[in-house]
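S.K.: okay, here's the prediction I keep looking at, along with the sequence it came from:
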Amino acid sequence: MPLSAYLVVSVALFVIGLAMVAARRNLIYVLMGLELILNAANLNFVAFNRENPGDLDGQIAAIFVIILAAAEAAIALAIVLNLNSRIQSIRPDDADTMKD
């Protein structure tokens, strides 16, 4: 498969993730959008690493991003659960009531 095919899929994932983050309907969708953006970056790392097979830099970077995404998901879900228990909503616009 040529590199351009991987890049097209990566751009599609990035645009879908960006649209989900920009829509901001609820925090779960925002988290899913961030995960799609990180997966698009991982696909780029691995696709460009495929062009230079002797190197493992792209695969190591992808593994690092996967670990970072797992930590981000765990912390963000804890924040969402805390927000849900405090204000009974997971909409990002309702979180401004915590300023008081």
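M.R.: Nice, I can see it. Numbers count the residues shown, from 1 in each chain.
S.K.: okay, CA-based contacts and neighbour counts for the rest of this
M.R.: Noted.
S.K.: and for Arg50, the neighbour number?
M.R.: Arg50: 15 surrounding residues under other Cα atoms under 10 Å.
S.K.: the one 10 residues further on now?
M.R.: Counted with other Cα under 10 Å, the neighbours of Ile60 add up to 14.
S.K.: how far away is it from Ile67?
M.R.: As judged by Cα to Cα, to the nearest Å, Ile60 and Ile67 stand 11 Å apart.
S.K.: and Ser85, by the same measure?
M.R.: From Ser85 across to Ile67, the span is 27 Å (Cα to Cα).
S.K.: how about the residue nearest to the spatial centre of the chain, what does it touch?
M.R.: Nearest residue to the geometric centre of the chain (Cα atoms, centre = their mean): Glu35, 2.1 Å. Contacts for Glu35 were tallied using Cα atoms under 8 Å, 6 or more residues apart in numbering; they are Gly17, Ala69.
S.K.: one more time with 7 Å
M.R.: With contacts defined as Cα atoms under 7 Å, 6 or more residues apart in numbering, the neighbours of Glu35 are Ala69.
S.K.: helix or strand for it, which one?
M.R.: helix 27-51 (DSSP states H and E).
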